[in-house]
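K.L.:
Give me a 3D structure for the following:
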Amino acid sequence: MTDLTAAATATEPAGTGSPGRNPAAPGGGRTVASAVPPSLVDRLVTGVTATGEPRVVETVAPLTGDRLAGLPQSTPADVEVAFELARRAQPAWAALPVRRRAAVLLRFHDLLLKRQDEVLDLIQAETGKARLHAFEEVLAVAMSARHYARAAQGYLRDKRRGGALPVLTRTVEARRPKGVIGHISPWNYPLELSVGDALPAFVAGNAVVNKPDTQTALTALWARELLIEAGLPADLWQVVIGDGPVIGPAVVEHADYVSFTGSTRTGRDVAQRAAARLVGASLELGGKNAMLVLADADLARAAEGAVRACFSSAGQLCISIERLLVHRSVADEFLVRFAAATKALRLGGGLAYGADMGSLVSGRQLETTTRHVEEAVKAGATVVAGGQARPDLGPFFHEPTILDGVTPEMAVCGEETFGPVVSIYRFDTEDEAVAAANATPYGLNSSVWTGDARRGRAVAARLRTGTVNINEAYAAAYGSVASPMGGMGDSGLGRRHGAEGILRFTEAQTIAGQRLMPIAPAFGLDDRQFAAVMTGGLRVLKALRFK
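P.N.:
All right, here's what the predicted structure looks like:
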């Protein structure tokens, strides 16, 4: 037995749970049923645009497998009604000064922080994630609300631009709201990817018709209720719920712009439908993200960072790491540290802080995770940590899993798992590591660990991902809300956050005024003389370094 194998197999986490398995976090506290009573569900679903006698679909609490809620399902006709209501409300909202719209976001920021326990319960109940990972959503939304409330005026104000003729032409670039945004949000980050993405659309003067995933619609509806309490006109944010293949196309059909977060396969369909209508779209899609551990990295920090990078929200995070590329000279030591930290993670589903990782959201996610692990092991990969479902904790729990010896023909090597599974690969040179990291059609997020910040930036510049974190997993780049975040390649189009995150919801309008003389023959000049004068003028402008 090698030192690496001995260390990996000898590490038995403390606490409850089977020998060699991840311990269970302390239980107790409130139940999902007490935290999400029928009265709360009944109140929230009044925010759904669903007329007549809508079909009701029941959702399941991932932590327990018990019934969570019955939710009304909208029809394509309801989607049309939602857009009509939003369109009526949008002009009056757009006519308000930006500072008035921004004030709503600031009030929402304060209400969210004050009442965060309410939404943390909902996020955990609907997704099954640990409370700390649910709190990441509160952080992200509060930061986005503060940023766009403070920065929107600068992003949206009229900007003077160089005119066709200096002094004679006065040119202004203005920003106008698109109108009604069709916003399709997924289940994995139901607060951040619903209201977090809607906030810049609202402050830019738009209305929003949001189709959240049915499984996590209560969180979006809670956010809508809170934003209305903060001062948003109720009709400005419409929520429709229904089967993606039915309701999703109806949203795209009526939208003036489409914001979508989800799978690459569905994103392609959304992009095609939007393009057919000549409306824009921003898409954050899948990823097979890599973390590079260079030879000079602080291995203790890198191992701790890898745990967060790979297993936050049970790996159900578009920007989480699924491929660990480690320099061969430090790979064994890194893997010992990483395996020990992974095996010590406490799994649990209590509605309280204390668990390090929660549950997967559904049987479908558990099936994909289990299949990727079992197929890899059957083909020769080795399980260094985890590798098993944990039905003793809940119906969809799976241990955080590290695989070694993964080869290209294994599904886990190239397909997005979207679960708590990471594969480790060794490299000898930085060129080899960069090539391996870029050897994927995806390009969402990456992470570089090194003791030399300049070296880290040089490696980052060679990676084809929309965000790169140096000595951090994902939060540094994602949390930098003044900078754009999004994907390259099959990971999507457009960006959230920063200027691009709000300007995508606007139309650029150029307003140019001409004075004293037209840009045409005048003052008795014939065509030839006008051309000669303009030619000389262009030469002078170049010599004077006009832009």
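K.L.:
give me the number of residues near the residue nearest to residue 384 when sequence neighbours are not counted?
P.N.:
The shortest distance from residue 384 to any non-neighbouring residue, by Cβ to Cβ, 6 or more residues apart in numbering, is to residue 402 (4.1 Å). In short, each C-beta sits where N, CA and C put it, glycine included. The number of residues packed near residue 402 is 26, by other Cβ atoms under 10 Å.
K.L.:
List of residues touching the host helix or strand of residue 402?
P.N.:
Using DSSP states H and E, the element containing residue 402 is strand 401-404. With contact meaning Cβ atoms under 8 Å, 6 or more residues apart in numbering, strand 401-404 is reached by 335, 338-339, 342, 369, 373, 376-377, 381-387, 412, 420-424.
K.L.:
one more time with 6 Å, if that's ok
P.N.:
339, 342, 373, 376, 381-382, 384-387, 421-424 (Cβ atoms under 6 Å, 6 or more residues apart in numbering).
K.L.:
For residue 219, see how far away the residue nearest to residue 384 is.
P.N.:
31 Å (Cβ to Cβ, to the nearest Å).
K.L.:
Of all residues in the chain, which one is nearest the centre?
P.N.:
With distances taken as Cα atoms, centre = their mean, the residue of the chain nearest its centroid is residue 193 (5.9 Å).
K.L.:
and the residue nearest to residue 384, what pLDDT?
P.N.:
We note a pLDDT of 98 for residue 402 in this prediction.
K.L.:
Run through the bridge partners of it.
P.N.:
According to DSSP bridges, the residues that bridge with residue 402 are residue 385, residue 422.
K.L.:
pretty sure residue 486 contacts residue 465?
P.N.:
No. Look at residue 486 against residue 465 with Cβ atoms under 6 Å: they stay out of range, at 9.9 Å.
K.L.:
Centre of the chain to stretch 429-439, how far?
P.N.:
Distance, stretch centre to chain centre, for stretch 429-439: 25 Å (Cα atoms, centre = their mean, to the nearest Å).
K.L.:
Could you give me the buried positions within that stretch?
P.N.:
The neighbour-count check on stretch 429-439 (16 or more other Cβ atoms under 10 Å) flags 430, 433-434, 436-438 as buried.
K.L.:
As CSV, the residues you listed with pLDDT, distance to residue 328 and secondary structure would be great.
P.N.:
Output for the buried residues of stretch 429-439, formatted as CSV (pLDDT from 0 to 100; distance: Cβ to Cβ, whole Å; DSSP: H, G, I helix; E, B strand; the rest coil):
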residue, pLDDT, distance to residue 328, secondary structure
430, 97, 12, helix
433, 98, 10, helix
434, 98, 15, helix
436, 97, 13, helix
437, 98, 16, helix
438, 98, 19, helix
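K.L.:
Arrange the contacts of strand 401-404 in TSV, one row each, with pLDDT and neighbour count as further columns.
P.N.:
TSV is the format used below for those (pLDDT from 0 to 100; neighbours: other Cβ atoms under 10 Å):
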residue	pLDDT	neighbour count
339	97	22
342	98	29
373	97	25
376	97	26
381	97	22
382	97	15
384	97	24
385	97	27
386	97	26
387	96	21
421	98	28
422	98	30
423	98	24
424	98	23
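K.L.:
Closest to residue 250 out of these?
P.N.:
Among those, residue 421 lies closest to residue 250 (Cβ to Cβ), at 35.1 Å.
K.L.:
Who are the contact partners of the closest one?
P.N.:
Counting by Cβ under 6 Å, 6+ apart, the residues that residue 421 touches are 369, 372, 401.
K.L.:
Scan those residues and report the most crowded one.
P.N.:
residue 401 (28 neighbours).
K.L.:
ok, now how distant is that one from residue 343?
P.N.:
Distance from residue 401 to residue 343, by Cβ to Cβ: 11 Å.
K.L.:
try residue 432
P.N.:
Counting by Cβ to Cβ, the gap from residue 432 to residue 343 is 29 Å.
K.L.:
Quick one: distance of the following helix or strand past the strand holding residue 402 to the chain centre.
P.N.:
Proceeding N to C from strand 401-404, the next assigned helix or strand is helix 411-414, under DSSP H and E. Relative to the chain's own centre, helix 411-414 is displaced by 22 Å; criterion: Cα atoms, centre = their mean.
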